[in-house]
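In: using only what follows, build the 3D model:
(one chain, ligands or ions: 2)
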Amino acid sequence: MSGGAPIPVPVSGDRILCIPDLQKAASQKLPTSAREFYNSGSTDQITINENSTAFSKYRLRPRVLVDVSKADTSTALFGRRLEFPLGVSPAGMHAMAHPDGEKATSRACAKAGVAMGISSYANYPIADIRSACLSSSGIPQIDHVIQLYTMKDRAMQLRIIREAEARGCKAIFLTADSPVLGVRYNEWRNDFRTPEGLEFPIIERDTEMIRKVTHDDTFTAFNDDTHNWARDIPWLKSVTGMEIWIKGSHYFPGLHRFLQKLFCYAPRREGLATAISACILTAEDTLMAIETGCHGIIVSNHGGRQLDGVPATIDALPECVAAAAGRIRIHVDGGIRSGTDIFKALALGAECCWVGRPAIWGLAYDGQAGVEIMLETLRIEFKRCMQLTGCNSVKDITLACLGVYRVDGPLARL
Ligand SMILES: Cc1cc2nc3c(=O)[nH]c(=O)nc-3n(C[C@H](O)[C@H](O)[C@H](O)COP(=O)(O)O)c2cc1C
Ligand SMILES: CCCCCCC(=O)C(=O)O
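Out: Residues are numbered from 1 along each chain as shown. Ligands and ions are numbered 1, 2, ... in the order given. The predicted structure is shown next:
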């Protein structure tokens with residue numbers, strides 16, 4: 001989009017002006033069990049709620065009287081321009097929200113110029129998702145990444161990797177936080193089963209095979225709970241040339257106790273103390289990812305669907321950034337619901353953000369058009385936030401753009 005052109009504001013009969021509007025409208029359209037499956041987190045819903053609310057402690061520190069008429073929201077990923085620093089996170093079962101599922105998401109991402117993650121639990125084959133967004137010259141207009149778990153069935157895992165390579169996926173997002181499924185009371189209460197007619201071609205399962213069992217049973221059957229850094233990253237590196245990114249982190253109790261002593265850490269709720277506690281949890285994972293030669297990490301808690309009680313990702317981000325010291329790419333997802341959230345994550349050191357549920361809400365609301373509304377809403381908000389803070393490029397978005405209120409104190413720079 002050109003810098004000086006008027007920015008189109010999405011208008012519709014339902015007046016979807018922001019992501020919460022979209023969430024509300026989409027949720028009204030979904031049957032209870034699908035709505036709860038998509039919208040819930042695990043156990044007590046602590047982490048899912050904090051993922052979004054944790055952004056609000058940060059205040060923006062705008063610079064004024066800056067010419068922002070040519071503000072440029074673009075960035076690059078895998079050597080390709082992104083219209084703004086966003087991707088759609090890999091999330092299972094887009095077709096429960098809209099029959100066109102991941103194909104519609106892919107088309108919307110192409111229109112918006114952002115990247116897309118393909119879940120192992122997608123309802124369409126990788127080939128269909130990639131070819132949904134072909135340019136007139138027959139080339140996919142965006143980059144996709146394939147999300148993988150460490151699977152018990154290594155032969156199947158390898159088949160998925162080969163297919164992803166053949167179809168031109170750029171990276172593996174290895175989901176590291178799911179040796180077992182989170183404790184999801186909503187699924188147990190509803191005896192959640194996937195609706196009839198949904199296929200799971202990437203994991204080579206048809207609807208009947210998946211419907212027969214619970215989500216817990218599916219995870220137990222597929223995911224290898226013996227996964228570990230020492231075995232699995234070298235294996236992945238030995239079988240593929242695709243980039244390897246680690247998504248989600250793991251808790252090291254021994255390390256946590258050690259670091260608690262080191263930092264004399266005591267749980268406090270205000271300002272940066274929250275961030276420090278979070279980052280103790282994930283700095284070690286960042287270092288492991290660097291040590292094992294991964295290309296990047298997604299600071300992620302699976303949208304609060306796995307271990308409840310882990311920190312909001314925006315709170316975990318700063319220490320990961322500090323631990324990385326520029327040695328590995330860092331992206332983040334979880335609770336991002338506005339362009340200002342994207343801005344704050346970039347100011348705290350993320351290169352790019354990803355959103356999971358907002359895409360699902362877009363699909364449920366109006367298929368591809370709904371996802372387009374979601375992406376355009378975030379782009380407009382992000383651009384406005386850049387302009388109103390005096391930032392002309394994503395490189396201008398730094399820690400200096402943020403402040404926090406210390407307890408009983410003035411706004412403090414970070
Ligand atoms: C319905 C749903 C399904 C998901 N499925 C997967 C999945 O298959 N693999 C994965 O790594 N993460 C999965 N996630 C997590 C997302 O990749 C992402 O981390 C999370 O949705 C980000 O949080 P947000 O929804 O608040 O944006 C899923 C999330 C949701 C909401
Ligand atoms: C029945 C399988 C659906 C898998 C969706 C994945 C998911 O819920 C998650 O990872 O979270």
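In: list the contacts for the residue of the chain found nearest ligand 1?
Out: The minimum distance from the chain to ligand 1, using Cβ to the nearest ligand atom, falls at Gly356 (2.0 Å). Glycine gets a C-beta too; all of them are placed from N, C-alpha and C. Applying Cβ atoms under 8 Å, 6 or more residues apart in numbering to Gly356 gives the contacts 88-89, 91, 303, 333.
In: restrict those residues to contacts with ligand 1.
Out: By Cβ under 6 Å from any ligand atom, the members of the contacts of Gly356 lying near ligand 1 are 89, 91, 303, 333.
In: can you pick out the most distant pair from those residues?
Out: Farthest-apart pair in the ones next to ligand 1 among the contacts of Gly356 is Ala91 and Asp333; separation 9.9 Å (Cβ to Cβ).
In: what residues are shared contacts of the two?
Out: Shared contacts of Ala91 and Asp333 (Cβ under 8 Å, 6+ apart): 303, 356.
In: those two - which one has more neighbours?
Out: Relative neighbour count places Asp333 above the other of Ala91 and Asp333, with 29 against 26, counting by other Cβ atoms under 10 Å.
In: can you give me phi and psi for the more buried one?
Out: Torsion angles at Asp333 (phi, psi; degrees, to the nearest 10) stand at phi -140, psi 170.
In: who are the contact partners of it?
Out: 89, 298-300, 303, 313, 353-356.
In: which positions in the chain make contact with ligand 1?
Out: When proximity is defined by Cβ under 6 Å from any ligand atom, the chain lies next to ligand 1 at 38, 51, 89-92, 119-121, 147, 175, 247, 300, 302-303, 305, 333-336, 355-357, 360.
In: which ones among those lie within helices?
Out: Residues of the residues of the chain next to ligand 1 located in helices (DSSP state H): 38, 51, 357, 360.
In: neighbour-wise, which of these leads?
Out: Greatest neighbour count in those, by other Cβ under 10 Å, goes to Ile360: 30 neighbours.
In: interface residues of the stretch 301-414 of the chain facing ligand 2?
Out: For the stretch 301-414 of the chain, the contact set with ligand 2 under Cβ under 6 Å from any ligand atom comprises 302, 305.
In: possible to save the ones in helices among the residues of the chain next to ligand 1 as CSV with distance to Val180?
Out: As requested, these are arranged in CSV below (distance: Cβ to Cβ, whole Å):
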residue, distance to Val180
Tyr38, 21
Asn51, 21
Arg357, 22
Ile360, 23
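In: which parts of the stretch 201-350 of the chain are strands?
Out: Applying DSSP state E, counting those that start in this stretch to the stretch 201-350 of the chain gives strands spanning 243-247, 296-299, 329-333.
In: what about the last one, average pLDDT?
Out: Along strand 329-333, the predicted local confidence has a mean pLDDT of 95.
In: any weak-confidence spans in the chain?
Out: 1-14, 249-281 (pLDDT under 70).
In: what's near enough to touch the residue of the chain found nearest ligand 2?
Out: Proximity of the chain to ligand 2 (Cβ to the nearest ligand atom) peaks at Gly92, 2.6 Å away. With contact taken as Cβ under 8 Å, 6+ apart, Gly92 is in contact with 119-122.
In: turn these into a markdown table, columns for neighbour count.
Out: Output for the contacts of Gly92, formatted as a markdown table (neighbours: other Cβ atoms under 10 Å):
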| residue | neighbour count |
| --- | --- |
| Ser119 | 23 |
| Ser120 | 21 |
| Tyr121 | 23 |
| Ala122 | 28 |
